[in-house]
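1. Predicted structure and sequence below. I'll ask about it afterward.
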Amino acid sequence: MTTEKRSVSRQPTSLNIKFAVTEVGGRDATRVEAKGSIVDISDQGFCMITTYPLQKGHAITIRDRGNEKMPGYGLVKWIEKAGSTYRAGLWHRFPVNI
């Protein structure tokens, strides 16, 4: 049986976004732009699906929020790969009123 770890329930949603990830490798850093879809959200986190290979610990900046009530960032806490897509849980601190 799965135990719910969230202290705040998430609301289902469907929001397409553009986001940026900064990848650090040795002495170089590269900023990568990608697209994804937020599928649920709360005041403390959201779940998104993307084809970009996010990794735990990545910080993303949401570029094209499409909704000013959306958070501007997220910190990747977990990832599940499913074929060519990634489902990721991200943490943020932002009051959500979708």
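-> Perfect, thanks for sending it. Treat the numbers as computed from the prediction; the structure is a model and nothing was measured.

2. For the protein, which segments count as strands?
-> In the chain, the strands defined using DSSP state E lie at 11-25, 28-41, 45-50, 59-62, 73-82, 85-91.

3. for this structure, which spans come out with low pLDDT?
-> Low-confidence segments of the chain (pLDDT under 70): 1-8, 64-69, 94-98.

4. Name the residues of stretch 24-41 that are buried.
-> Judged by neighbour count (16 or more other C-beta atoms under 10 Å), stretch 24-41 contains these buried residues: Ala34, Gly36, Ile38, Ile41. The way it works is simple: take the backbone N, C-alpha and C, and place the C-beta from them, glycine included.

5. next one: stretch 48-66
-> Met48, Thr50, Tyr52, Leu54, His58, Ile60, Ile62.

6. can you check stretch 9-18 too?
-> So, applying 16+ other C-beta under 10 Å, buried residues of stretch 9-18: Arg10, Thr13, Leu15, Ile17.

7. Could you tell me which residues make contact with Thr53?
-> Thr isn't right for residue 53; it's Pro. Applying C-beta atoms under 8 Å, 6 or more residues apart in numbering, we find Pro53 in contact with Tyr86.

8. same question, Lys18
-> Under the criterion of C-beta under 8 Å, 6+ apart, the neighbours of Lys18 are Glu33, Ala34, Lys35, Ile62, Arg63, Asp64.

9. May I see those residues organised as CSV, with distance to Met70 added?
-> CSV is the format used below for these (distance: C-beta to C-beta, whole Å):
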residue, distance to Met70
Glu33, 17
Ala34, 16
Lys35, 15
Ile62, 6
Arg63, 11
Asp64, 10
